[in-house]
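**Student:** predicted model, plus sequence, below.
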Amino acid sequence: MTPAAEVPRSYYSDGLIEEAVQENRKKLEGEPDNHLLRCSLANGLTRLGKFDEAIEHYQHCIKLNPSPEYWNNLGKAMLNAGRYGEAIEAFARVTEKQRWPDAFFHQALAYRSLGQLEKADEQLCEAIKINPKYREALNERAHILEALDRKDDALTEYKKVIALFFAEYQAHDAEDYSYETSVLLDNNELIEELIRQLRHHIQKFPGFADGYYKLGQALEAKGLKNEAMMAFRKALEINPSYETARKCFWKR
């Protein structure tokens with residue numbers, strides 16, 4: 001059976017990820033209980049498609065620090081590895097403490113892969129209730145409603161997706177996307193949300209150096225030094241004259 005989620009698209013070249021993975025492996029030899037280092041390693045392995053090894057490291061992170069973020073990462077790795085039942089359990093551990101729409105959405109993908117469409121629809125409804133503009137969840141729900149032979153309901157969800165797409169397209173221009181994020185960096189929960197939002201922004205505007213710079217700031221505030229370094233480097237690759245990103249890259 002094909003895994004429910006695709007291998008995550010990388011924001012960096014494979015060479016940069018391999019470099020960060022090797023550096024984290026070396027550092028972990030001296031700091032085996034550093035869960036931030038281990039999470040950064042697992043994140044890199046996930047982006048390289050090495051899900052089984054990533055799962056082992058996420059599980060170790062959870063033993064050291066059972067945070068909702070680590071459970072969520074573990075759930076996604078399980079999902080990509082085709083371990084759907086275990087993924088559902090991991091996402092349930094997230095939603096016990098944090099009602100993250102992202103966790104409900106990915107739990108729905110796991111249920112869908114097991115053929116449990118009604119349960120998948122329930123989780124998608126939860127995600128959409130929390131974030132009514134969650135286009136991926138709306139689109140996935142439309143597919144599931146079609147499979148459940150609820151054609152009219154599916155059409156309604158598809159129309160919402162289309163409306164949201166054009167609203168976003170008209171409201172945002174990569175060149176004019178001005179935002180200040182430093183106020184969010186003192187709060188761990190806000191940092192996690194900021195990282196998710198910046199990664200989503202980068203997927204839409206991959207040539208926007210400031211997006212990578214701000215992602216680097218957020219990753220650095222989270223303690224993910226190597227991932228921050230990659231983000232600052234990517235900002236410099238796009239704009240070699242970006243002096244603020246250069247200073248952040250070299251201060252490591």
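**Tutor:** Nice, I can see it.
**Student:** the residue nearest the centre of the chain and residue 105, how far apart?
**Tutor:** In the chain, the residue lying closest to the centroid (CA atoms, centre = their mean) is residue 196, at 5.4 Å. Distance of residue 196 to residue 105, given as CB to CB, to the nearest Å: 12 Å. Bear in mind the C-beta positions are built from the backbone N, C-alpha and C, glycine included.
**Student:** which residues sit in contact with residue 128?
**Tutor:** Listed by CB atoms under 8 Å, 6 or more residues apart in numbering, the contact set of residue 128 reads 101, 134, 137-138, 141.
**Student:** my guess is residue 217 meets residue 248, correct?
**Tutor:** Yes: at 7.4 Å, residue 217 counts as touching residue 248 under the criterion of CB atoms under 8 Å.
**Student:** before we move on, the earlier item: tell me which element the residue nearest to the centre of the chain falls in.
**Tutor:** Secondary structure assignment for residue 196, by DSSP states H and E: helix 188-204.
**Student:** following that helix, which helix or strand shows up next?
**Tutor:** Following helix 188-204 in sequence, per DSSP H and E, is helix 209-222.
**Student:** check which residues of that next one are buried.
**Tutor:** Judged by neighbour count using 16 or more other CB atoms under 10 Å, the buried positions of helix 209-222 are 209-222.
**Student:** same check on stretch 243-252?
**Tutor:** For stretch 243-252, burial by neighbour count (16+ other CB under 10 Å) applies to 245-246, 248-249.
**Student:** now swap in stretch 45-53 and tell me
**Tutor:** Quick answer for stretch 45-53 (16+ other CB under 10 Å): 45-48, 50-51.
**Student:** cool, and stretch 17-27?
**Tutor:** Along stretch 17-27, these residues count as buried under the neighbour rule (16+ other CB under 10 Å): 17, 19-21, 23-24, 27.
**Student:** run the chain-centre distance for that stretch.
**Tutor:** Remark: stretch 17-27 is offset 20 Å from the chain centroid, using CA atoms, centre = their mean, to the nearest Å.
**Student:** show me where this protein has helices.
**Tutor:** Along the chain, the segments classed as helices by DSSP state H run 14-30, 35-47, 51-64, 68-80, 84-97, 101-113, 117-130, 135-147, 151-171, 188-204, 209-222, 225-238, 243-250.
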